[in-house]
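In: using only what follows, build the 3D model:
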Amino acid sequence: MAKLLPIKIYSCPVLRQKSKALKSEELQKKEFGQLLLDMEKTMKEKDGVGLAAPQIGKSIRVVVISTADGSVFLINPKILKKSWKKEILEEGCLSLPEVWGLVKRSLKITIVALDPKGKKMKFTASGMFARVIQHEVDHLDGILFIDKAKKITQGADKLEAMKSTK
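Out: Residues are numbered from 1 along each chain as shown. Have a look, this model is predicted:
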């Protein structure tokens with residue numbers, strides 16, 4: 001049974017660490033399968049479109065993304081290519097509640113990752129799916145959307161309050 005996990009909030013140190021890649025034998029463990037189910041439940045219950053392992057306190061390279069076709073899990077994701085064409089859109093984050101900002105991201109990316117069974121997959125993503133992948137992969141490298149935001153559009157006061165709790 002999947003359980004709801006607590007979300008780490010900005011200025012928690014794990015959010016600023018570079019996450020470690022997983023070895024294929026780690027994917028076979030029962031606890032890993034449970035972690036994926038727990039991450040998926042947490043993302044859905046918190047109304048997220050994506051969730052990276054550091055957001056639940058695990059410094060490992062795992063993300064889950066919500067799509068129209070269901071959840072997609074990416075293990076050890078790497079963005080191989082980014083389009084020159086970019087778009088600025090508003091983003092938020094479960095780890096920065098009530099904070100929103102304008103972020104410029106590539107419209108199209110090529111990514112390589114492992115699926116939950118350890119099978120290598122390579123694909124091209126575009127639009128909102130590409131944006132969410134870029135946001136979540138940033139989490140794995142200790143980067144938050146506020147680091148890239150051109151402008152904080154909502155919650156600047158909340159962001160300041162979170163910064164002062166360090």
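In: neighbours around the residue lying closest to Leu27 once chain neighbours are set aside, how many?
Out: In this structure, Leu27 finds its nearest non-sequential neighbour in Gly118, 4.7 Å apart by CB to CB, 6 or more residues apart in numbering. For every residue, glycine as well, the C-beta is placed using N, CA and C. Per other CB atoms under 10 Å, the neighbour tally for Gly118 reads 15.
In: for this structure, just list every one of the strands.
Out: Secondary structure of the chain (DSSP state E): strands at 50-52, 62-67, 70-82, 86-93, 96-106, 108-114, 120-126, 149-154.
In: is it true that Ile7 touches Met39?
Out: No. Taking CB atoms under 8 Å as the definition, Ile7 is not a contact partner of Met39, at 10.7 Å.
In: so where is this protein shaky, pLDDT-wise?
Out: Scanning the chain for pLDDT under 70 picks out the ranges 165-166.
In: let's see 80
Out: Within the chain, the stretches with pLDDT under 80 are 163-166.
In: so which residue is dead centre in it?
Out: Glu136 (2.3 Å; CA atoms, centre = their mean).
In: check the gap between that one and Leu159 for me.
Out: Using CB to CB, to the nearest Å, Glu136 is found at 20 Å from Leu159.
In: next, the angle strand 70-82 makes with the lengthiest helix in the chain.
Out: Counting by DSSP state H, the longest helix found in the chain is helix 30-45. Angle, helix 30-45 to strand 70-82, by axes from the mean of the first three to the mean of the last three CA atoms, to 10 degrees: 90 degrees.
In: residue contacts, His135?
Out: By CB atoms under 8 Å, 6 or more residues apart in numbering, the residues touching His135 are Gly50, Glu91, Cys93, Val103, Arg105, Phe145.
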